[in-house]
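> Sequence first, then the predicted structure, then my questions.
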Amino acid sequence: MATTAGGPPGGATGRDSFYRLRPHVWLGGPMLLYALLRVPAFLEPHWYTDEAGYVTTARGLLQGQVLYSQVWNNKPPLHLWTVALVIQLMGTSEAVLHILPFLTGGLTLLAVAYAGDRLLGRRRTVVALVGLAILLGTPLFDAELLLPESLLIAPVTWAGAILLTRIAAPDTRRWPLWPMAVGALVATGLAYQQTVLAETCAFGLILAIAGRASWRRVVVYAATLGALTALWLVPAIITAGASKVGYALVGFYVNFTQVAYTGGASDVPVHLLIPAGVLVVLVAAAWLCRRDDDPLWALWVWAGAALLVPAVAREPYAHYLVPSLVPSALAVTSLGLRWPERITVSRRLAEVGLIAAAGLAVWPASVAGMDWLPTQAEPGHTLANYYGGAMSVLTRGRSLITWQDDFDYRVPEDSAVAVWVQDHGLDGVPAVVWSSDAWLYELDNLQLVLPTPPIYNDEVLLGYSGPVAEEVAALGPVLVITEGSARTAYPEIDSVLSSAYQQTDEVGSEIVWVRNDMVASVTGPTGLGSPTG
């Protein structure tokens, strides 16, 4: 049989495949770095309280409870239903929960590669990708956790990538379709976290004034965004009521943000001066840049808008910064690109204004901070322990359980209490976990009887210094499990415990209390702590 000069028939196909992949080889390094940095995330124990709240709420949804009415959370439905889908299909192990943020992080890097290669050039894009692989791959900003910010970055980044690579090109249709894609992706992000309203407005402004702007682009974008948002907002209002939905998605955050300001509500206007100034400069400078064919100025508008969220919130939660990482990295990487030879003074001032505004937003936004740094008070929360411990586990130099117990003092306590509850046949009973940590609901399949898992949110919903304890007394759950710091912060539970419950187990700061009429059947004739037959 005759063969080609290049070798056997299959050889040409193999070489063709290689050459088709060759233009994308530059992506391999950053993607591999990102994947390697995420390895410890799949070994983590159940320890992060927000994940516990989402898992418990999602389990309530799967059992038919109505969101914002029968079971409460302050996130839009898509995030909670995404968590519900994950646990329904694959379970609730931490490795399973971290698959999704791993995938969304990878998709985010692909969006950066798509946009950066077209706007910044290959070398600068690789620099941005390596930086983002480190920022998103490490736990510095909690991007490995199943949080709304970890999921929304993928659709929002792809929305920004499509927008920035298309705004300068002429539309081939009278009613262009690409703004519809941008609107759909932004709507997806908004259904994960309401703070995406910042990017929503920023992208709308860019669409309205940049490149070959037209009112049709804005209409398509806004109509798509509005229609998809109505798909989840209207059913939520119908099932739970407008007031409850409004409080969960807006009102809760108003009160939450006011508490973050040192002087209370009266100091809010003072603290908002810098974010307000940043917003004014961003809009004014964007207007001056509107006729520029180079859309790089829009990166600074996007970055500044994303930074305004943690700047206004003023809360020490690192994941608040996750949505700002991509536009900030791209914007900083664009520095040094040559300006056009003929550039007006106003255009040059606009560029400087955009950079200054985004830079100024970093100041108040920096309150969010970073996690896993050596300066933190948590003894196990250092990058050395995170990566060194994981490597030790993988090389069998240390047991997985020992390393996991270093994450948080509640990890070994939760594990021991969960075993006790199971050994005494109490898994699945109605219970109240009087703690900010709600993992015991999931570890023992306990029935949530309060509106929301973490006790601090129940205090917000029902009222401080009494109403939550009164609700517990009225509901009479079989179990109440208290944690030391929460019991100190909300001591009103003590009167309920002393009158209707008996202590049956204690592990560290966690105490298990069984309702008086159930103690004998739980502890058996030999006394407290005896497993039932």
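Received it, and whenever you're ready, just let me know what you need.
> who's in contact with the closest residue to L163 other than its chain neighbours?
Excluding the flanking residues, the one nearest L163 by C-beta to C-beta, 6 or more residues apart in numbering is V182, at 5.1 Å. No exception for glycine: its C-beta is placed from N, CA and C like everyone else's. Residues near V182 by C-beta atoms under 8 Å, 6 or more residues apart in numbering: A159, I162, L163, F203, L207, Y221, T224.
> hang on, isn't D505 packed against Q422?
No - if you go by C-beta atoms under 8 Å, D505 and Q422 don't touch, sitting 11.9 Å apart.
> avg pLDDT for the helix or strand harbouring L349?
In this structure, L349 sits in helix 345-365 according to DSSP states H and E. The average pLDDT within helix 345-365 is 90.
> Could you check how far it is from the centre of its chain?
Centroid separation for helix 345-365 versus its chain: 27 Å, with C-alpha atoms, centre = their mean, to the nearest Å.
> mind listing what's buried in it?
For helix 345-365, the neighbour count (16 or more other C-beta atoms under 10 Å) marks 347, 350-351, 353-355, 357-362, 364-365 as buried.
> same thing with stretch 273-282?
Buried, per 16+ other C-beta under 10 Å, within stretch 273-282: I274, P275, V278, L279, V281, L282.
> Excluding covalently adjacent residues, which one is nearest to the first one?
What sits nearest to I274 in space, not counting adjacent residues and going by C-beta to C-beta, 6+ apart, is P364, at 5.5 Å.
> circling back: rank the contacts of V182 by pLDDT and give me only the lowest.
L207 (94).
> Can you name the next helix or strand after the longest helix seen in the chain?
Counting residues, the longest helix found in the chain (DSSP state H) is helix 215-240. Moving toward the C-terminus from helix 215-240, the next helix or strand (DSSP H and E) is helix 242-246.
> Return the set of buried residues in that following helix.
Buried residues in helix 242-246, counted by 16+ other C-beta under 10 Å: K244, V245.
> Beyond it, next helix or strand please.
Past helix 242-246, the next helix or strand by DSSP H and E is helix 252-260.
> What helices and strands are in contact with that following helix?
Under the contact criterion of 3 or more C-beta pairs under 8 Å, 6 or more residues apart in numbering; DSSP states H and E, helix 252-260 touches helix 297-313.
> Show me what stretch 390-400 is in contact with.
Stretch 390-400 is contacted by residues V39, P40, L43, G389, W403 when judged by C-beta under 8 Å, 6+ apart.
> Spatially nearest residue to the last one, not counting backbone neighbours?
Nearest non-adjacent residue to W403, counting by C-beta to C-beta, 6+ apart: G389, 4.4 Å away.
> Just want the angle from whatever helix or strand P327 lives in to helix 345-365.
Using DSSP H and E, P327 sits within helix 322-334. Taking axes from the mean of the first three to the mean of the last three C-alpha atoms, to 10 degrees, one finds helix 322-334 and helix 345-365 inclined to each other by 140 degrees.
> what's the angle between helix 322-334 and helix 297-313?
On the basis of the same axes, to 10 degrees, helix 322-334 is oriented at 140 degrees to helix 297-313.
> Now the element after the helix holding L349, going C-ward?
Using DSSP H and E, the helix or strand that follows helix 345-365 towards the C-terminus is helix 383-394.
> any idea of the mean pLDDT for that next one?
Mean predicted confidence for helix 383-394 is 94.
> Which positions within that helix qualify as buried?
Using 16+ other C-beta under 10 Å as the test for burial, helix 383-394 gives N385, Y386, Y387, G389, A390, S392, V393.
> Format the CA atom coordinates belonging to that helix as PDB.
The C-alpha coordinates for helix 383-394 follow below in PDB (Å, rounded to 0.1, in the frame of the first residue of the first chain):
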ATOM      1  CA  LEU A 383      -0.100  29.800  52.900                       C
ATOM      2  CA  ALA A 384       2.700  27.800  54.300                       C
ATOM      3  CA  ASN A 385       0.300  25.500  56.100                       C
ATOM      4  CA  TYR A 386      -2.100  25.500  53.200                       C
ATOM      5  CA  TYR A 387       0.300  24.300  50.600                       C
ATOM      6  CA  GLY A 388       3.000  22.700  52.800                       C
ATOM      7  CA  GLY A 389       0.300  20.700  54.700                       C
ATOM      8  CA  ALA A 390      -1.400  19.600  51.400                       C
ATOM      9  CA  MET A 391       2.000  18.500  50.000                       C
ATOM     10  CA  SER A 392       2.700  16.600  53.200                       C
ATOM     11  CA  VAL A 393      -0.700  14.900  52.900                       C
ATOM     12  CA  LEU A 394      -0.100  13.900  49.300                       C
END
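> Let me have the buried residues of helix 383-394 in CSV, extended by distance to A313.
What follows is the buried residues of helix 383-394, written out as CSV (distance: C-beta to C-beta, whole Å):
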residue, distance to A313
N385, 28
Y386, 26
Y387, 29
G389, 31
A390, 31
S392, 37
V393, 35
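> So for the spatially closest residue to I355 that is not a sequence neighbour, what pLDDT did the model give?
Nearest non-adjacent residue to I355, counting by C-beta to C-beta, 6+ apart: W300, 6.1 Å away. Looking at W300, its pLDDT reads 96.
> sorry, back to before: quick one: which of D505 and Q422 has more around it?
D505 (21 against 15; other C-beta atoms under 10 Å).
> State the distance from the more buried one to W47.
To W47, D505 is 21 Å away according to C-beta to C-beta, to the nearest Å.
> Domain map for the protein?
Domains of the chain are assigned by automatic domain parsing as 23-44+98-240+272-368, 375-408, 410-523.
> Tell me which of those domains lies nearest to Q65.
domain 410-523 (8.7 Å; C-beta to C-beta).
> so how far does the closest one reach from one end to the other?
End-to-end distance of domain 410-523 (C-alpha to C-alpha, to the nearest Å): 24 Å.
> starting at the chain centroid, how far to it?
The answer for domain 410-523 is 27 Å, by C-alpha atoms, centre = their mean.
> quick one: average confidence on it?
Averaged over domain 410-523, pLDDT sits at 95.
> Repeat that for stretch 69-85.
Rounded mean pLDDT across stretch 69-85 is 96.
> cool, stretch 256-276 as well?
Stretch 256-276 shows a mean pLDDT of 72.
> Counting by contacts, list what the helix holding L349 packs against.
Secondary-structure packing of helix 345-365 (3+ C-beta pairs under 8 Å, 6+ apart): helix 273-288, helix 297-313, helix 322-334.
> quick one: the second one to helix 273-288, angle?
With the same axes, to 10 degrees applied, the angle from helix 297-313 to helix 273-288 works out at 160 degrees.
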